[in-house]
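S.K.: Below is the structure, and that's it, no one-letter string:
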């Protein structure tokens, strides 16, 4: 005769394990850095430094009274710095500003935006990225 | 049907049921958005019918349809209200810092001690006046004073209550919790309660944790957090209540016959998911989650709460209540009225006057 042993997990422990599992997978960034939305306003004559998680597929919008004459950076590589500026009423971009220019280099896994403004008006720049879980149903409550 | 076939049917029911639940939650989100947009079009910025209510109503409709079509028993294995709720509560920890947890938890524990003792004794006394059986008294007093269905089950195990007694107490818990989930936020609004006091009131009064979270959600995020923490403080009492009941039944009701319970029962009945909630809260306090990731956890939390709310509607049945007769219903309603009034007073004093949850 064989004795069959069955492992039974109580509902409480099951809920705890599932909950902690979800927190570990999502919360510790195993699936990515999460949905992002960062708007930065740059006043005339000022500079701003913004750290963003490296990644592709960023959606960039700028709020300026004047037409931006630029192609925005939608692919951000870790450790690199991307420059935006404003010249003669137009938003401008420049590749790979050396780290020495910035106050502090971007933290590991992050890219940096270096925003300056030599125009006489403020402008704002918004970087947005979708939720880590692209499954469209996941974000159904946060539309 | 062989045992293997029964198992296969159970698994099939679980899978089909889970798919159905996901579809229902999507329906909830769509309905909720439509309702919110309709209110917005009328110039009302905040949707007064928050998603918990929409979810319960959709659950009730699905319940009726499934029973009429004879599919209810098949998908029943997926209707796990408590499991979904407990997972949601563990995830809620990401939004509550340890400091907040200690502040609200201290107030919650004091309130829980007062409420559990007073409401338990009142219900016990009232049930005695109506000459209800000892086991039913124990199950009912635990359900009203501690945490609804889970407390009823724990107490039933401790006093060897009949299965039917647990079934109609479960029905009474849901029957009273549903209207309270909607009425209490409205009353709190009419009385102008601040979110902390309102949340403590919901947590101290509504029996089932799912409806507590639902009422808190309807009132706002701060009320939801306080309501959940206060209810969790009440939940942790269940082990002590079950142990004392078992001891009372062994010593007094059964006059020393049978096995005497040991204090290990307190740990056995302790709601372990509270530990998960505290762990996540500690991680959040240590800034382990970036705001973006905390928002993702919050989205997952909303999904599990929505699943639990839909399941409340699916769980509902009046059949057991008809069998029970009017007496248990009258006692339960009387105890609920007492609970509602006392919880308002205690929550106002602890969280309002003394400011313990601030």
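M.R.: Structure received. It should be emphasised that the depicted structure is a prediction, and the values quoted were computed from it without experimental measurement.
S.K.: Tell me if I'm right that residue B:185 and residue B:205 touch.
M.R.: No. Look at residue B:185 against residue B:205 with Cβ atoms under 8 Å: they stay out of range, at 11.9 Å. From N, CA and C alone the C-beta is placed, and that goes for glycine too.
S.K.: Quick check: the residue nearest to residue B:305 when sequence neighbours are not counted vs residue B:250, distance?
M.R.: With Cβ to Cβ, 6 or more residues apart in numbering or on different chains as the criterion, residue B:305 has its nearest non-adjacent residue at 4.4 Å, and that residue is residue B:88. Distance of residue B:88 to residue B:250, computed by Cβ to Cβ, to the nearest Å: 36 Å.
S.K.: okay, the two: which has more neighbours?
M.R.: Comparing residue B:88 with residue B:250 by other Cβ atoms under 10 Å in any protein chain shown, the one with more neighbours is residue B:88, at 27 against 18.
S.K.: For chain A, what's the nearest residue on chain B?
M.R.: Residue of chain B nearest chain A, by Cβ to the nearest Cβ: residue B:90 (2.7 Å).
S.K.: residues in contact with the helix or strand encompassing that residue?
M.R.: Using DSSP states H and E, residue B:90 maps to helix B:81-92. When contacts are defined by Cβ atoms under 8 Å, 6 or more residues apart in numbering or on different chains, helix B:81-92 is touched by residues A:11-12, A:14-16, A:18-20, A:22-23, B:149-150, B:209-210, B:213, B:225, B:228, B:232, B:271, B:273, B:276-277, B:280, B:297-298, B:300-301, B:304-305, B:307-308, B:311-312, B:314-315.
S.K.: Make sure I have this right: residue B:35 is in a helix.
M.R.: Yes. Counting by DSSP: H, G, I helix; E, B strand; the rest coil, residue B:35 is located in a helix.
S.K.: Next, count neighbours for it.
M.R.: When neighbours are defined as other Cβ under 10 Å, residue B:35 has 17 of them.
S.K.: now the stretch 251-358 of chain B, which segments are flagged as low pLDDT?
M.R.: The stretch 251-358 of chain B contains residues with pLDDT under 70 at B:256-258, B:357-358.
S.K.: Kindly recompute the last result at 80.
M.R.: Across the stretch 251-358 of chain B, residues meeting the criterion (pLDDT under 80) sit at B:253-262, B:265-266, B:268-270, B:290-292, B:317-325, B:355-358.
S.K.: Now do the contacts for residue B:207.
M.R.: Residue B:207 is in contact with B:143-144, B:147-149, B:173, B:176-177, B:336, counting by Cβ under 8 Å, 6+ apart.
S.K.: mind putting these in JSON lines, secondary structure, distance to residue B:77 and neighbour count included?
M.R.: Putting those into JSON lines (DSSP: H, G, I helix; E, B strand; the rest coil; distance: Cβ to Cβ, whole Å; neighbours: other Cβ atoms under 10 Å in any protein chain shown) gives the following:
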{"residue": "B:143", "secondary structure": "helix", "distance to residue B:77": "24", "neighbour count": "29"}
{"residue": "B:144", "secondary structure": "helix", "distance to residue B:77": "29", "neighbour count": "33"}
{"residue": "B:147", "secondary structure": "helix", "distance to residue B:77": "23", "neighbour count": "29"}
{"residue": "B:148", "secondary structure": "helix", "distance to residue B:77": "21", "neighbour count": "28"}
{"residue": "B:149", "secondary structure": "helix", "distance to residue B:77": "17", "neighbour count": "22"}
{"residue": "B:173", "secondary structure": "helix", "distance to residue B:77": "21", "neighbour count": "26"}
{"residue": "B:176", "secondary structure": "helix", "distance to residue B:77": "26", "neighbour count": "26"}
{"residue": "B:177", "secondary structure": "helix", "distance to residue B:77": "23", "neighbour count": "24"}
{"residue": "B:336", "secondary structure": "helix", "distance to residue B:77": "31", "neighbour count": "22"}
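S.K.: restrict those residues to those near chain A?
M.R.: Taking Cβ under 8 Å from any Cβ of the partner chain as the test, chain A is in contact with none of these.
S.K.: Which helix or strand contains residue A:51?
M.R.: Assigned by DSSP H and E, residue A:51 belongs to strand A:47-53.
S.K.: three-state assignment of the closest residue to residue B:115 other than its chain neighbours?
M.R.: Excluding its sequence neighbours, the residue lying closest to residue B:115 (Cβ to Cβ, 6+ apart) is residue B:204, at 5.0 Å. Taken by three-state DSSP, the conformation at residue B:204 corresponds to helix.
S.K.: if I read this right, residue B:204 contacts residue B:347, doesn't it?
M.R.: Yes. With contact defined as Cβ under 8 Å, residue B:204 reaches residue B:347; the gap is 5.5 Å.
S.K.: What is the helix or strand that the helix holding residue B:90 is followed by packed up against?
M.R.: Next along the chain after helix B:81-92, taking DSSP H and E as the criterion, comes helix B:98-129. Using 3 or more Cβ pairs under 8 Å, 6 or more residues apart in numbering or on different chains; DSSP states H and E as the contact test, the elements touching helix B:98-129 are helix B:134-142, helix B:195-205, helix B:221-235, helix B:273-285, helix B:326-347.
S.K.: quick one: helix B:98-129 to chain centroid distance?
M.R.: 15 Å (Cα atoms, centre = their mean, to the nearest Å).
S.K.: and that helix, what's its mean pLDDT?
M.R.: Averaged across helix B:98-129, pLDDT comes to 89.
S.K.: Kindly report the same for stretch A:48-67.
M.R.: Here the average pLDDT along stretch A:48-67 is 79.
S.K.: Mind listing what's buried along that stretch?
M.R.: A:50-55, A:58, A:60, A:62, A:64 (16 or more other Cβ atoms under 10 Å in any protein chain shown).
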